[in-house]
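Participant: 3D, please:
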Amino acid sequence: MRRFTRLALWFLLPLLVLAGLLLALQRWVTGEGFRDRLAAEASELLGAPVRAQAIGLALWPVPGVAVDGLSVQARTPLSLQRVELRPRWSALLAGQLRVQTLVVRQAVLPEATIALLGARIGAANAKPAPADGDEAIDFSLLPRELVLDEVSWLAADGARTTVNADLRFAEDGWPAKADLAIVGGALRGTTATLRREGEATAWALDARVGGGRVRGPVEVKLPGPGAAERRVVLEGSLRTDNVEVSALTAPSKPLTGRLQAETTLGARFPERVSADALVTALRSDTRFTVTGATLHGLDLVRAVSTVGLSSGGLTQLDTLAGQVSTRGKAIQLSNLVASSGLLAATGDVAISPSRALSGRVRVDVTRGATAGVVGVPLAVGGTLDDPQVTLTRAALLGAAIGTAVMPGVGTGAGANLGDRLGEGIKDLFGGKR
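Facilitator: Numbering: from 1, shown residues only. All right, here's what the predicted structure looks like:
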C-alpha cells in the first residue's frame with residue numbers, strides 16, 4: 001500500500017506542479033498589467049495607439065494565446081476582433097518561440113494603414129545590409145498555417161473585399177497549398193485554390209469566377225547563391241474559359257459577355273518587396289475574345305451619326321477581340337476589333353490607375369445597301385464607369401467643312417479627312433495636338 005501511495009505521489013506531483021505553473025501563467029497573461037505593457041510596447045513600435053480588450057490563454061483543445069478586440073488607432077483604424085496564436089511545442093520546449101497556427105477573425109485591414117505601419121516598422125528595424133548582399137529572410141518565424149475568417153481588405157479607393165482563407169506553408173516558408181473564398185465585395189462568390197508542385201517553387205492555380213474558370217501554372221525563380229543581381233522572377237501562364245466579364249469589373253459594368261483569354265504573367269523584384277511594389281512590378285499580356293458582348297454606356301452607331309456629340313446608350317457586338325497589356329495598375333487595350341451587323345470598329349484604349357480612359361477608335365457604319373460606308377474617327381475619354389467619345393480637333397474641323405459642302409453625307413467623310421490631315425501635320429512638325 002505504501003509503495004502504491006509513493007508511486008502515485010511521484011506521478012501526481014509533476015502534474016500538480018505543471019497545473020500550478022499553467023494557472024499562474026494564465027493569470028499573468030490575462031492580467032491587466034501584462035495587457036497594458038504589451039499594448040504600450042506595440043504602440044511605441046508602430047507609432048500609433050494600440051488597444052486590446054482582453055488577452056486569454058487557451059489550454060484546450062489546442063493550447064495557445066488569444067487576443068480579443070485588438071485595434072490600431074490610425075487615421076483609418078485597423079481592427080481585429082480576435083487573433084489566436086498557437087505555438088510549435090517542439091520549438092517551445094527548445095526555448096524558441098515559433099508560431100504553428102495564426103488565426104485572424106473578423107478583421108478590417110485598411111491598405112493605407114498597413115502601408116504606413118509597414119514603413120514605420122521598416123524604418124525602426126533599418127540596419128546596414130551585409131557585405132554579401134541582402135540578409136536572408138528567416139522563414140522559420142512565419143506560421144505554418146494561416147487561417148483568415150471574414151477578413152476584410154479596405155483598398156485606398158474605399159473598395160472592401162472580405163475573404164475566408166486557409167494557407168498551409170512548407171518548411172522552406174513557401175505556400176504548400178491555399179484555399180480562398182471571397183465572401184464580400186465586388187468579386188463575391190469567387191473561389192481559388194493553389195497547390196504546390198513537389199519541392200519546386202511552382203504552383204497550379206485554379207480559380208472559379210463569373211461562372212467560368214481561370215487556371216494555369218505559376219512559378220517563382222529564386223536568385224542563385226552567387227548571383228550578382230538578387231532578383232526574384234515570377235512567371236505564369238493562365239487560361240480563362242467562359243468567364244462573365246462584368247464579374248471581373250463589378251460593381252462597374254462597362255462590358256458584358258463571356259471571356260476567353262490566354263495570359264502570360266511576369267515580374268522581377270527584389271527578394272524583399274512590399275505588396276505595392278510587387279503590384280507595380282507585375283506585367284501581363286493577354287489575347288482575348290468576348291462572345292455575346294455588349295458595351296454599356298456608349299452607343300457607337302449613334303456616336304457616328306452625331307459625329308461624337310452623343311453619350312450613353314449601349315452597343316451590342318457579334319465579335320470583340322484584342323490584346324490587353326498591364327504594367328502595374330495601368331492597362332492598355334490594343335488591336336481592338338469589334339463588329340456587329342452594319343458596324344465595325346477598331347482602335348486602342350488606355351486605362352489609367354484612376355480608371356480614366358484615353359485613346360482612339362475608328363467606327364465604320366454601312367448606310368443602306370448602296371450608300372456606302374461612313375467612317376468616323378473618335379477620341380475616347382471619360383472613365384471606365386462613364387466613357388465618352390468625341391471628335392479630335394482636326395476631325396471636328398473636317399466634319400464642319402464636310403457638313404457645309406454636303407450636309408449630312410459629307411459629315412463623316414469630312415471628319416475622316418480632317419483627322420488624317422491633322423495626323424499628317426502633327427507628324428510633319430513632330431508635335432502633339
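Participant: Where does residue 349 fall, secondary structure wise?
Facilitator: Taking DSSP states H and E as the definition, one finds residue 349 inside strand 343-351.
Participant: gap between that strand and the chain center?
Facilitator: Counting by Cα atoms, centre = their mean, to the nearest Å, strand 343-351 is centred 26 Å from the centre of its parent chain.
Participant: For residue 234, list each beta-bridge partner.
Facilitator: Judged by DSSP bridges, the bridge partners of residue 234 are residue 220, residue 267.
Participant: Check what pLDDT it gets.
Facilitator: Residue 234 is assigned 93 on the pLDDT scale.
Participant: Would you check that it makes contact with residue 273?
Facilitator: No: applying Cβ atoms under 8 Å as the test, residue 234 and residue 273 come out as separate, 10.5 Å apart. For the C-beta atoms, the positions are set from N, CA and C on the backbone; glycine is no exception.
Participant: which residues does the residue nearest the centre of the chain contact?
Facilitator: Closest residue to the average C-alpha location of the chain: residue 279 at 7.6 Å, with Cα atoms, centre = their mean. Taking Cβ atoms under 8 Å, 6 or more residues apart in numbering as the criterion, residue 279 is in contact with 328, 329.
Participant: So it belongs to a strand, correct?
Facilitator: No: counting by DSSP: H, G, I helix; E, B strand; the rest coil, residue 279 is not part of a strand but helix.
Participant: How much space separates it from residue 267?
Facilitator: According to Cβ to Cβ, to the nearest Å, residue 279 and residue 267 sit 9 Å apart.
Participant: The stretch 51-200 of the chain: strands as residue ranges?
Facilitator: Assigned by DSSP state E, counting those that start in this stretch, the stretch 51-200 of the chain shows strands spanning 54-58, 64-72, 78-87, 99-110, 145-154, 160-169, 175-184, 191-196.
Participant: List the contacts of the fourth one.
Facilitator: Where contact means Cβ under 8 Å, 6+ apart, the residues beyond strand 99-110 that reach it are 62, 64, 74, 76-89, 141-154.
Participant: swap the cut-off to 6 Å and go again
Facilitator: For strand 99-110, contacts defined as Cβ atoms under 6 Å, 6 or more residues apart in numbering pick out 76, 79-86, 88, 143-154.
Participant: Buried only: go through these for me.
Facilitator: By neighbour count, with 16 or more other Cβ atoms under 10 Å, the contacts of strand 99-110 hold 76, 79-86, 88, 143-144, 146-149, 151-154 as buried.
Participant: For the stretch 201-350 of the chain, give me the ranges with low pLDDT.
Facilitator: In the predicted model, the stretch 201-350 of the chain carries pLDDT under 70 at residues 305-311.
Participant: Thanks a lot, see you next time.
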